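Visitor: got a predicted structure plus its sequence, pasted below:
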Amino acid sequence: MGDRDQNIQTLPVEGTREVLYHRDLLQAHELKPSILDEVSEEYNLIPQPKKDRYTSDSDTLILEDELQRITLVGNINIQTACTGMVVAVLGEEKENGKFHVEDTCFMNLQQPSPLPALEEDRYIFFVSGLGLGQQGKNLMGLQLLVDLITGQLGSEEEQKKFSKVIRIILAGDGLSRDTQDTSVLHTAKYLSWKVQATTVEGVKELDDILTQLVSNVPVDIMPGEFDPTNGILPQQPLHKCMFPKANAYPTLNCVTNPYEADIAGCRVIGTSGQPVTDIYQFTTNEDRLEILEETLKTGHIAPTAPDTLPCYPFLKEDPFILSEMPHIYFAGNQTKFQSKLWEDESGQKCLLLTIPRFSQTQAGVLLNLRTMDATAVVFSSEFME
Amino acid sequence: MNQVKRKFQASSSGGPGKKFRKPGGDDFQHDPSSFEEELALLEKIQAEEPGSSDYTDSSSGRAFSGESSWKRPDAPTLDVHKDAVVFQQLDLEHYLGKQLAGMPGSHQPVTPIIRMFGISQAGNSILCHIHGFMPYFYVPAPQDFKREHCGQFRDALNKAVLADMRSNKDNLTQSVLDVDVMDKESMYGYNSNRKSPFLKITVALPRLVAPAKRLLESGFSVPPLYPLRGYQSYESNIDFEIRFMVDNKVIGCNWIEIPPVNIDCGRMMQRSPTVKSRLMSPSITSSVIWQRETGRGSLRIFPEPEKDPVIQIANMVIRQGEKDPFVRNIFTLKQCAPIIGSNVRCFEKEGDLLKAWSDFIVQVDPDIITGYNIQNFDFPYLINRANALRVGRFPFFSRIKDTKNVIKDSTFQSKQMGKRENKNINLPGRVQLDLLQILVRDYKLRSYTLNAVSYHFLKEQKEDVQHSIITDLQNGNEQTRRRLAVYCLKDAMLPIRLLEKLMCIINYMEMARVTGVPLTYLLSRGQQIKVVSQLLRKAGEQDLLMPSWKSEGNDDYTGGYVIDPKKGYYNTPIATLDFSSLYPSIMQAHNLCYTTLLQGNQHQQLKSDEYIKTPSENYFVKKSLRRGLLPEILEDLLSARKRAKADLKKESDPFKKKVLDGRQLALKVSANSVYGFTGAQVGKLPCLAISQSVTAFGRMMIEKTKQLVEGAYNIKSGYSHDAQVIYGDTDSVMVNFGVDTVAESMKLGQEAASNISKSFQEPIKLEFEKVYFPYLLINKKRYAGLFFTKPDTYDKMDCKGIETVRRDNCPLVSNVVGQCLQKILIDRDPDGAVNYAKQVISDILCNRVDISQLVITKELTKTGEEYAGRQAHVETAERMRKRDAGSAPALGDRVPYVIIGGAKGAATYEKSEDPMYVLEHSLPIDTKYYVENQLKGPLLRIFDPVLGENKAEAILLSGLTMFAKKKKRCIGCNAVLDKENAAVCPYCKTKESEIYQKEVAQMSALEVKFARLWTQCQRCQGSLHRTFCAQANIHTE
């Protein structure tokens, strides 16, 4: 964040041992692409190598308070820690100017209000990455999903189950990557003023899908990386003018990303997945659920913003800091469905969910609020091929 | 000393130092954010030394860390009867003092004494006073002069000079010490090798040379022996130091050995420069910098020493040839938190700080002091500030104990540099190498800010901290002051890195050696003094005297010859044949010199095979009669260069390699400046006959080459095509052999070069250097092409005189032109280039070009009144001065400006404005100006040859009217809107979603770009907290 100015202190303890209370970790990446190179390359046109991940063995971990930086070594995993994590470290500074870490600790989150006990099953249905607007895309799976939720498909039991879905959360990326127009900054307006925005078709399809859904269930639609809204976190709700049909229903709820909601007394917080994907790129951590867990532990939804994750320059406060433990914490647009009931030392519980990308997995996540059981619902469509 | 050695080993072994350097990368390319870590690491290296563990001690009272490690070694005990003193001389000057008992020299109350500052191999600093060298000059002896009349002549002249003096505060009784008669010869003109008697007149003080000379020139008589007549003086305009160096064969930065027993001028030994002087003795460079605090009321005003305190001074001291500075400290006002790797000394009183700093300089005793603009800003400011605070012994940090450092203003003018106003501070014994001065002298850059320069050479940026923020940081707590200190240390580090990267010290020392002038002259004087020094040395060997002439203001200068270019775009390989060192070799080949010049009808008395007539109708004798001085000097220089180059190839030690490379470069530059010396109108010894003959020969040779090439390589002689010389300039010709491949062209080029060389006199040599393919010839001195030295791959894109390399337009122009050329030449895609150019033009008109691309810089060489017309940069500077007198550009600075929209028909100079002011006030850019006056010309020039005359304009600049004024219109269909606060018209309402999506896509892309640029600032600054960089000019080249 722009200014993370809070009281930070360096306390010398027992001679050489020191405890440093620090706010931020910084990972130094050699492979990190530089915008300056890119800006300059507008003039010499050599593209930077695109990489899935930017980690290398020579990455270093630096601890920064508001005054100085120090390189960390020792009992801390350089490759899995990420920039922006707020951490306190215990250890001492050796002569070589590096800090040898013995132990680390993160901040504690406040206890949430207890979950209300539900008499009967209530469901939230999560789905992300519909990926509309993609050329030659088969929409059968998506239609199955809609039909199932609207009760036009499935066994009686299933119909009963889905009738208890009280909320659908569309966790971002209703549109596919294909709808991104990379040339927008490089073409003159007068050359492109007759050209239609690349997202138009996709948005129309999305409107159709939404219309079917919102006529039955309240839908919270979060914007994602490829959706037509502002590109940096926090993303503002999709504009309702884009959904002229679905907008007729009050059940259409365009929300922000990250999104925090209270559903039947249950505190739900989540993102469309950008923070997790970003950390994945800059660390060696393979397990995205673990990454999600890490962000919860450190109490920060998007630690890498604004360093590698674009974000609005907040000057006074950091809206991504978690102050209270949520009941449900999710990230959209991940590779597969994973869930875990996380418990901290004080016994607080939080359900972690990674929601798979629908366009790749044909799956959504059905969460029973009463039992806190989450299951993946796969709309397999073998017969379609 | 022991410790010094240990330190050296630690840092040169490379072990710990390697860690934070990028593997295989340039040693100087540090991650900008790593500066603090770098400091910390340096500490680690040093920590291996005992006695420097208390590095974080920040209390003012305690001793420096590892003080013992950077003190000069104690002077060895010296037995004057046995031990010789050997040292490398770094600076040489004279002062007036009392003659010492037992020393030679005049017995006048004051006498000139030469002093040499130097450093011994062991690192001791050495000062050597040399007595007994007296200033003198020559006049031709009057007819029938008799040796016994010397005394009378002396007395008469002495009387005249004493009478001429307005006051005689030194109580001189003898102004003219001696008159002697000697057989010498004038250098100017051929005198049939006959010597004639000259009077050598020795005076008591250097400043008496001028009046004595004036008296003699205006008419002088020694009644009754010699009647009234004017005497032409010889060698009376030579600096005393140069005189001394020439007579004693001392060259710049050489090794001096003072043999045991006696120290006097006559017995001082000169070590042969070629053998011993390759070793460079350790010299210390210190870089000083500070922040100034400005009063709150006057935030943007430049600091005034009377009011604004000095709050921090950072120093880095390095031994020449080592990688890392061994002293890194900072003096701060008020407490400052410790910085790992640096010594922080805090002071409560500013006076104490300044005093301590002055003491520090004396203690660390640097030979060379560098910094950025120290000469014109830092030192004067410190001295003035100390004055204002009445700090007693502050301005005494030179090598001479009781010499006060004073500031003097000086103006310096040379053809190469224009007029500059400088401040001079006398620091006897310490060479001031102001990096800014070096860069302005040696490199042509768009901007000379430290940031721009560091980026250019080191790819490292520094943050720019504004004055107002400095005040806040200083008034904060010890942590905010620490932040400031880190910035300050980095500022001190950069000049040292730059000096090393550019090898300034090595190159300057080599130049001093080659040309034989003191090191300090290279920065404070022009080119001529170097040639004078060499000329005098050579002349002295042959008893030749250099006349002192008043320069004649004749500006009849002809440049090199240019064959009319056959403009166009050549899609065939073009071979380039070059004369190597054209002008020096012409002078050598034809024996052109002052001494061989035949004046008037002199040539008629000689046999026709004894002289030559140059194409410019001047006559010179041939080598057989007299070998010229200049050809000899040139031969020495060029053969020395050959030697240096050969040694360079053999040498493996990187440091010695640097030295050799510096030497060969210095030799090359010196050789070329000899021609300039003869042509310099305001010179010591201009000789039009030589310079015009040289250029005339050059013309002739280019023409002859053209004829020879075209005569030999044609279809008639069995070649496949007629060769055509399409262009030629000064020392090169471009030949189109008509062949299709680079390889063939290279073969023919090499062949032609060696064949044609034979028809010219030795050592003139035509060399084949390169092939351009394709080649875009725009006009005289304007061309571009792909540069091949090997048949398969091109080396680079070479542009001459095209906007990519010129500095007097905005970066946009060079970027666009460069890009277009790249598309045309490398991609062979002229259509792509046209589209690209169109795109840029529309970008400008739509205001989509970043302002940094539009900044034009121009050097302010004269003040406003001196310029004939009103000019944009002068007006901008004036406007800036009115807003804030302090930060406005000074004479010699490059003024940045952009052109803003103004009233119709307003002159450009009325519309120029400071880019920062434009940004702050969101003033509109005059987009039309940039298209019409900046882009149009250069683009048409490169596209005309490609697309055909006059077609380019139609293609590129048609339809400009599309960009008429904008009113509030529907963003969808551009219909004029009736309603306020609506974005779309009723018709477009249905398409609102689409329009929204389009706009939002644009916004989103811009947002991401912004966010990334912003974090880049954090990375650069090296902190995630509070960005306070105000850098106006981030470099992205």
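Guide: Received, thanks.
Visitor: how many residues are close by the residue in the stretch 451-600 of chain B positioned nearest to chain A?
Guide: Nearest residue of the stretch 451-600 of chain B to chain A, counting by C-beta to the nearest C-beta: B:Gln479, 4.6 Å away. The way it works is simple: take the backbone N, C-alpha and C, and place the C-beta from them, glycine included. B:Gln479 has 18 neighbouring residues, counting by other C-beta atoms under 10 Å in any protein chain shown.
Visitor: how far away is it from A:Leu72?
Guide: 20 Å (C-beta to C-beta, to the nearest Å).
Visitor: cool, B:Tyr611 as well?
Guide: Distance from B:Tyr611 to A:Leu72, by C-beta to C-beta: 82 Å.
Visitor: what's the answer for B:Ile529, then?
Guide: 57 Å.
Visitor: B:Ile764: neighbouring residues, count only.
Guide: Under the neighbour criterion other C-beta under 10 Å, B:Ile764 is assigned a count of 20.
Visitor: got the contact list for it?
Guide: For B:Ile764, the contacting residues are B:Phe579, B:Leu582, B:Ser585, B:Ile586, B:Ala589, B:Met701, B:Ser757, by C-beta atoms under 8 Å, 6 or more residues apart in numbering or on different chains.
Visitor: list the contacts of stretch B:942-952.
Guide: Contacts of stretch B:942-952 (C-beta under 8 Å, 6+ apart): B:567-569, B:776-778, B:784, B:802, B:817, B:820-821, B:824, B:830, B:833-834, B:837, B:939-940, B:955-956.
Visitor: before we move on, the earlier item: which one's more surrounded, B:Ile529 and A:Leu72?
Guide: More crowded of B:Ile529 and A:Leu72, by other C-beta under 10 Å: A:Leu72, with 25 against 21.
Visitor: hang on, that one in a strand?
Guide: Yes. Membership of A:Leu72 in a strand is supported by DSSP: H, G, I helix; E, B strand; the rest coil.
Visitor: any idea how far A:Phe99 is from the nearest residue to it once chain neighbours are set aside?
Guide: Leaving out its chain neighbours, the residue that sits closest to A:Leu72 by C-beta to C-beta, 6 or more residues apart in numbering or on different chains is A:Leu61, at 4.6 Å. The spacing between A:Leu61 and A:Phe99, counted by C-beta to C-beta, is 10 Å.
Visitor: shared neighbours of those two, anything?
Guide: A:Thr71, A:Leu72, A:Val73.
Visitor: kindly reformat these as CSV containing pLDDT.
Guide: Shown next, in CSV, are the shared contacts of A:Leu61 and A:Phe99 (pLDDT from 0 to 100):
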residue, pLDDT
A:Thr71, 72
A:Leu72, 74
A:Val73, 74
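Visitor: just the residues you listed now: which is nearest B:Ala743?
Guide: A:Thr71 (53.8 Å; C-beta to C-beta).
Visitor: and the residue nearest to the closest one when sequence neighbours are not counted, how many neighbours?
Guide: Of all residues not flanking A:Thr71 in the chain, A:Lys98 sits nearest, at 4.7 Å (C-beta to C-beta, 6+ apart). A:Lys98 has 20 neighbours, counted by other C-beta under 10 Å.
Visitor: returning to that earlier point: check the secondary structure at the residue nearest to A:Leu72 for me.
Guide: Going by three-state DSSP, the state assigned to A:Leu61 is strand.
Visitor: surely it is in contact with A:Asn75?
Guide: No. Using C-beta atoms under 8 Å, A:Leu61 is not in contact with A:Asn75, being 11.7 Å away.
Visitor: those two: which is more packed in?
Guide: Neighbour totals were compared for A:Leu61 and A:Asn75, and A:Leu61 leads with 23 against 13 (other C-beta under 10 Å).
Visitor: which residues touch B:Asn171?
Guide: Contacts of B:Asn171 (C-beta under 8 Å, 6+ apart): B:Pro109.
Visitor: quick one, domains of chain B?
Guide: Following the TED database, chain B resolves into domains at B:72-277, B:282-502, B:549-798, B:804-957, B:967-1036.
Visitor: now tabulate those in a markdown table and tack on mean pLDDT.
Guide: As requested, these are exported to a markdown table (pLDDT from 0 to 100):
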| stretch | mean pLDDT |
| --- | --- |
| domain B:72-277 | 79 |
| domain B:282-502 | 75 |
| domain B:549-798 | 83 |
| domain B:804-957 | 78 |
| domain B:967-1036 | 66 |
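Visitor: and the contacts of B:Ile764, which of them are in strands?
Guide: B:Phe579 (DSSP state E).
Visitor: most neighbours among the contacts of B:Ile764, which one?
Guide: B:Ile586 (28 neighbours).
Visitor: so that one sits against B:Val694, correct?
Guide: Yes. B:Ile586 is within contact range of B:Val694, at 5.2 Å (criterion: C-beta under 8 Å).
Visitor: who touches both of these two?
Guide: B:Leu592.
Visitor: check which helix or strand covers B:Arg243.
Guide: Using DSSP states H and E, B:Arg243 sits within helix B:240-247.
Visitor: mind checking how far that helix is from the chain centre?
Guide: Counting by C-alpha atoms, centre = their mean, to the nearest Å, helix B:240-247 is centred 25 Å from the centre of its parent chain.
Visitor: swap in stretch A:100-114?
Guide: On C-alpha atoms, centre = their mean, the centre of stretch A:100-114 falls 21 Å from the chain's centre.
Visitor: buried sites along that stretch?
Guide: A:His100, A:Val101, A:Thr104, A:Phe106, A:Leu109 (16 or more other C-beta atoms under 10 Å in any protein chain shown).
Visitor: what packs against the helix holding B:Arg243?
Guide: Other helices and strands packing on helix B:240-247, by 3 or more C-beta pairs under 8 Å, 6 or more residues apart in numbering or on different chains; DSSP states H and E, are strand B:85-97, strand B:111-120, helix B:528-541.
Visitor: between that helix and helix B:528-541, how many degrees?
Guide: Relative orientation of helix B:240-247 with respect to helix B:528-541: 40 degrees, computed using axes from the mean of the first three to the mean of the last three C-alpha atoms, to 10 degrees.
Visitor: show me what the very next helix or strand once past helix B:240-247 pairs with in its sheet, parallel or antiparallel.
Guide: The helix or strand immediately downstream of helix B:240-247 is strand B:255-258, counting by DSSP H and E. In the sheet, strand B:255-258 lines up against strand B:85-97 (antiparallel), strand B:269-270 (antiparallel) (DSSP bridges).
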